[in-house]
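Student: dropping the sequence and predicted coords here.
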Amino acid sequence: QVQLVESGGGLVQAGGSLRLSCAASGRTFNPNAMAWFRQTLGQEREFVAGISWRVGSTFYADSVKGRFTISRDNAKSTVYLQMNSLKPEDTALYYCAAGSAFPARNSRDYVYWGLGTQVTVSA
């Protein structure tokens, strides 16, 4: 069984930065892709950024391109999301996900999910 645990969320002012981490564990952990999604109350889960676990190729939602950077450390089984120039509309619960399809922007393409970490950006 694979477990994903997110950390690094918090409260930040607009224009500030946060770095999210997602640590994976499990003997069978060998995804093709990792991704970050976010969700606000009453809304569907939204794709943010994805990365190929093997070669490191990345892709982003248009709303975060140029501000967010996804990266991974294979030795630590950890994926990161560096978020700069944060805006109030980035406020959401951020989830880490792992799956076999790359590139994939649909949440249904991801099998394993963390419980999320809250990011709140004040105006």
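Tutor: Ah, there it is.

Student: which residue sits closest to the spatially most central residue of the chain, ignoring its sequence neighbours?
Tutor: By C-alpha atoms, centre = their mean, the mean C-alpha position of the chain lies nearest to residue 36, the distance being 2.1 Å. Excluding the flanking residues, the one nearest residue 36 by C-beta to C-beta, 6 or more residues apart in numbering is residue 48, at 4.3 Å. C-beta: built from backbone N, CA, C; applies to glycine.

Student: tell me which other helices or strands the helix or strand containing the one you found touches.
Tutor: In this assignment (DSSP states H and E), residue 48 forms part of strand 46-52. Helices and strands touching strand 46-52, by 3 or more C-beta pairs under 8 Å, 6 or more residues apart in numbering; DSSP states H and E, are strand 33-39, strand 58-60, strand 68-73, strand 78-83.

Student: can I get these in TSV with distance to residue 14 and mean pLDDT?
Tutor: Shown next, in TSV, are those (distance: least, C-beta to C-beta, whole Å; pLDDT from 0 to 100):
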stretch	distance to residue 14	mean pLDDT
strand 33-39	17	97
strand 58-60	20	97
strand 68-73	15	97
strand 78-83	12	97
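
Student: much appreciated, bye for now.
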